[in-house]
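I need the structure of the sequence given here:
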Amino acid sequence: MNKLAKSDQKDASADPASFDAELDAWAARNHEALEALIAEADAQLMRGERSVLGMERLIAEETARFLRPSPKA
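Okay, the predicted model is just below:
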């Protein structure tokens, strides 16, 4: 999944409205990947492979990965 550029993250922290716009743009770019992630998690729940708690942890991990600054090239 795409991440916000470090400069975008810095600017977003100063302007909450800008951060919301960047987050919406990121979600739009990654819509299919997010839908696939949700579908797979739902399928795993239906098969009894993951609990709701496990799904919450997966979402938290993906959110943390998204919010982590990108390494400089």
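
Just the pLDDT for Val52.
Turning to Val52, the model gives it a pLDDT of 59.

and if you look at Glu49?
The model reports Glu49 with a pLDDT of 78.

helix, strand or coil for it?
When states are read from DSSP: H, G, I helix; E, B strand; the rest coil, the local structure at Glu49 comes out as coil.

how many other residues sit next to it?
Applying other CB atoms under 10 Å, we find 10 other residues in the vicinity of Glu49. Bear in mind the C-beta positions are built from the backbone N, C-alpha and C, glycine included.

ok, now how distant is it from Met55?
Counting by CB to CB, to the nearest Å, the gap between Glu49 and Met55 amounts to 10 Å.

Quick one: find the helix or strand in this structure with the lowest mean pLDDT.
Within the chain, judged by mean pLDDT, DSSP states H and E, the helix or strand with the poorest mean is helix 6-14; its value is a mean of 53.

Which helix or strand lies directly C-terminal to that helix?
helix 16-29 (DSSP states H and E).
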